[in-house]
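>>> sequence and predicted structure, then a few things I'm wondering about:
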Amino acid sequence: MLALRLILVFVIAASAGVIALGEMKLKPHLDELKAKEKKVTEDLKKEETERTKQETRAKGAEQERDAFKSDLDASKKSEADAIAAAKAEKDKTVAAQQATNLAKQETDAVKVRSVDYFALESLGLTPPVIRIIHTELPKATNELKVLKDEQRVLMTQHIKASGELQSFLNPKGAVALPSLSGKVLAVDPKWDFVIMDMGANHGLLKNGELSISREGKLIARVKVSRVETDYAIGNVMAGFKRSDIQEGDAVLTPSSVALPPQK
């Protein structure tokens, strides 16, 4: 038992010696490791401090960027507002100029109407008189038209009667016609007569002679045998027919002495 204890004491002592020897050998290495650990810790602290500084600078730069962007946006908005305000002012100026021009035109028109009014007033044409004339004018115009129509009818009847009288008094004599031009409406080749688009209202007279031509060439001559208001019948004169007459051929006064046309 004693020997076992001695052995254990010896082993423990040897172990302690070994441990002490190991610690003596490891101490420089441990000191070195501690120094490195301290340096690494210090470096980490420095890096952390630098990183913190960098983050602070980056945050400041980001804030400056945001502030610049905000200032830029505000500047753009101010510029847009200024452009809109300038356009609005320009539109107001244009509208004011247009209103001024319109007012000037209206003023000039009023001046012209005033001059016209005083000119009419000097002639006795006051508004009441003008209103009366305006009321009576359509009636007078209608009456004048009726009178002109009656005059035209009377003139036509007079021309027709004169032609018939001349034909009765001098059935074979020549009848002077005014300068006339028309065309053939219909042809009857069997009885050799034509219907023309001219009548008493054109100044055509019974027994008057007319030439019929086509494309400037004489085709025949006819003698008026019947005259109505707006058409007449003419018989083809023997010895004056050079070609067959067709609808649409021109009808002209052959006489070189042209009388004024009757209206």
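Now that the structure is in, tell me what you want to look at.
>>> helix or strand right after the helix or strand residue 139 falls within?
Assigning secondary structure by DSSP states H and E places residue 139 in helix 127-169. The helix or strand immediately downstream of helix 127-169 is strand 181-188, counting by DSSP H and E.
>>> following element in sequence after that next one, please.
Counting by DSSP H and E, what follows strand 181-188 is strand 193-196.
>>> now residue 189: closest residue in space, sequence neighbours ignored.
Nearest residue to residue 189, sequence neighbours excluded (CB to CB, 6 or more residues apart in numbering): residue 244, at 6.8 Å. Any C-beta I mention is one placed from the backbone N, CA and C, and that applies to glycine too.
>>> helices of this structure, start to end?
Ranges of helices in the chain, per DSSP state H, are 2-122, 127-169.
>>> list the helices and strands the longest one packs on?
Spelled out, that is helix 2-122. Contact analysis of helix 2-122 by 3 or more CB pairs under 8 Å, 6 or more residues apart in numbering; DSSP states H and E lists no helix or strand as a packing neighbour.
>>> quick check: mean pLDDT across it?
In this model, helix 2-122 has an average pLDDT of 76.
>>> quick one: average pLDDT of the helix holding residue 139?
Here the average pLDDT along helix 127-169 is 66.
>>> might you report the residue contacts of residue 234?
By CB atoms under 8 Å, 6 or more residues apart in numbering, the contact set of residue 234 is 193, 194, 196, 210, 222, 223, 224, 225.
>>> neighbours around the first one, how many?
If you count neighbours by other CB atoms under 10 Å, residue 193 ends up with 18.
>>> returning to that earlier point: for the residue nearest to residue 189, grab phi and psi.
phi -70, psi 140 (degrees, to the nearest 10).
>>> then residue 207?
Per degrees, to the nearest 10, the backbone of residue 207 is at phi 70, psi 0.
>>> burial check on it, number of neighbours?
Neighbour tally, residue 207, other CB under 10 Å: 20.
>>> for residue 28, see how far away it is.
Separation of residue 207 from residue 28 (CB to CB, to the nearest Å): 165 Å.
>>> next one: residue 239
Taken as CB to CB, the span from residue 239 to residue 28 is 166 Å.
>>> check which helices and strands the longest strand along the chain sits against.
Criterion DSSP state E: the longest strand present in the chain is strand 217-227. Counting by 3+ CB pairs under 8 Å, 6+ apart, the packing neighbours recorded for strand 217-227 are helix 127-169, strand 193-196, strand 209-214, strand 232-236.
>>> at 7 Å what do you get?
If contacts are counted by 3 or more CB pairs under 7 Å, 6 or more residues apart in numbering; DSSP states H and E, strand 217-227 sits against strand 209-214, strand 232-236.
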